[in-house]
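Novice: my questions concern the predicted model and sequence given below.
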Amino acid sequence: MPSASMSGWTKNKRKRKRNMKNNLPEIDVVFDADTIAKRIETLAGEIADKLPEDLLIVVVLKGSFVFAADLLRALDRAGMRPRVDFITLSSYGTRTESSGTVELTRDISEDVKGRSVMIVDDILDSGRTLAFATDLMTARGADSVHTCVLLDKHEKREVSIEADYVGFPVDDLFVVGYGIDIAHLFRSLPFIGVVRQD
Ligand code: 5GP
Ligand code: MG
């Protein structure tokens, strides 16, 4: 596994010192920016081959905003012209373990009735968030509901649900970066990593 010392983020000694001074943990890279970009290009091609051009993409905030932004532009390169809306769902708060209940904190504004919808989320973990979003779109009369997640923690599943499109399978690690946070930190990292445990 490449280490964060290879990235521009921790290569910068001044920043490392500042992080240590502020008690910010070191992050080990799990998927670097280039690996993520290449995978998204492939995913977009697969989605464009299968799903209708007038797709409505529902982005689950906040964690997937960076992934969604890159995926949307890759879909455009693949010839799709999707519409986009955003929903905010929360089950974590500022903790690292899911609370078990999904809360809808901000709804979409589009009417999904009769539409082809694809839900985009950062991580499929217990499955509750994606199941909640899928059930909501189905109950509102969407014609079809597909799902796309960047990371799939398969061993953590508690609800029977699989995503139609998956960026990468991952072990049960608490990841950060590329839009994904821990207590609102690290969303701006260009890679996905884990907090170093030493
Ligand atoms: P689920 O409802 O499937 O248990 O959880 C999915 C949501 O939990 C994801 O959209 C994400 O917001 C959050 N989540 C799951 N695993 C992680 C993780 O490793 N790091 C962070 N920051 N959030 C996670
Ligand atoms: Mg989330």
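Specialist: Yes, it's here. Numbers count the residues shown, from 1 in each chain. Ligands and ions are numbered 1, 2, ... in the order given.

Novice: which non-adjacent residue is nearest residue 193?
Specialist: Spatial nearest neighbour of residue 193, chain neighbours left out: residue 27 (3.9 Å); criterion: CB to CB, 6 or more residues apart in numbering. In short, each C-beta sits where N, CA and C put it, glycine included.

Novice: no, scratch that, I was asking about residue 58
Specialist: residue 119 (4.9 Å).

Novice: now for the helix or strand hosting the one you found, which elements pack on it?
Specialist: Using DSSP states H and E, residue 119 maps to strand 116-124. Strand 116-124 sits against strand 56-61, helix 65-77, helix 128-139, strand 144-152, with contacts defined as 3 or more CB pairs under 8 Å, 6 or more residues apart in numbering; DSSP states H and E.

Novice: how about the third one: buried residues?
Specialist: Spelled out, that is helix 128-139. The neighbour-count check on helix 128-139 (16 or more other CB atoms under 10 Å) flags 128, 129, 130, 131, 132, 133, 134, 136, 137 as buried.

Novice: what's that helix packed up against?
Specialist: strand 56-61, strand 83-90, strand 116-124, strand 144-152.

Novice: what about the strand holding residue 119, near ligand 1?
Specialist: Yes. With CB under 6 Å from any ligand atom as the criterion, ligand 1 is reached by strand 116-124 at 121, 122, 123, 124.

Novice: before I go, just wanted to say thanks for your time.
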